[in-house]
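In: Pasting the sequence and the predicted coordinates here, then a few questions.
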Amino acid sequence: MAKYGPCGGQGGAQQYDYDASANQEVGSITIWGGHAIDAIQLFYRDKGATGPGLAAPKVGGDGGNAATLELQPGEYLRAIVGRCNVFVDYLLVLGSLGQSLAVGTDYNEDKNFFLESDGNQEITGIFGRCGNLLDNLGVYMRSRER
């Protein structure tokens, strides 16, 4: 397992840190946003199972519109790309089978970040800081079982 990030601002009164157990995988990800990323939540399921899975705690605030990317059997999170300044204002989540989810506002003047696997790894968790918005975001990656 490897840890990458966090990317974003230095604020956020609350820390968060969630990763899948050895027998789990990410089943879906929900992101709340509008002009910025308000909150994020992962759902874990047993490896090989279908459906979104069991919810890890939602991190961030209560605002924004929810959007969900549900992963298909055999699919995994391969990248989270974003933009940030004081907080995270845009996220693009990419699944390994071509699905994607974009939330927030893609401002050109902010800093880009790329949390991307090399194809031999999958994103299994998130960590960082939040308040009413997502202040920063990092990911856990582990080797893919073949």
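Out: Thanks, I have it.

In: Assign a three-state SS to residue 73, would you?
Out: Secondary structure assignment for residue 73 (DSSP: H, G, I helix; E, B strand; the rest coil): coil.

In: From here on, call the first residue 15.
Out: Sounds good: first residue 15 from here, last item residue 87.

In: For it, which non-adjacent residue is closest in space?
Out: The spatially closest residue to residue 87, leaving aside those adjacent along the chain, is residue 64, at 5.6 Å (C-beta to C-beta, 6 or more residues apart in numbering). C-betas here are computed from N, CA, C, even on glycine.

In: For the residue lying closest to residue 120 once chain neighbours are set aside, name its beta-bridge partners.
Out: Using C-beta to C-beta, 6+ apart and skipping the chain neighbours, the partner closest in space to residue 120 is residue 104 (4.7 Å). Beta-bridge partners of residue 104, counted by DSSP bridges, are residue 97, residue 118.

In: who are the neighbours in contact with residue 104?
Out: Each residue near residue 104 by C-beta atoms under 8 Å, 6 or more residues apart in numbering is listed here: 47, 51, 96-97, 116-121, 124.

In: Take those residues and write them to CSV, including pLDDT and neighbour count.
Out: Listed next are those as CSV, based on pLDDT from 0 to 100; neighbours: other C-beta atoms under 10 Å:
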residue, pLDDT, neighbour count
47, 95, 25
51, 95, 29
96, 92, 27
97, 91, 23
116, 95, 16
117, 96, 27
118, 92, 24
119, 85, 13
120, 71, 13
121, 65, 14
124, 63, 18
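
In: For residue 81, state which of these is nearest.
Out: residue 117 (5.2 Å; C-beta to C-beta).

In: Please work out which residues outside the helix or strand that contains residue 83 touch it.
Out: For residue 83, the element it lies in under DSSP states H and E is strand 79-84. Residues outside strand 79-84 that contact it (C-beta under 8 Å, 6+ apart): 41-48, 66, 107, 109, 113-115, 117.
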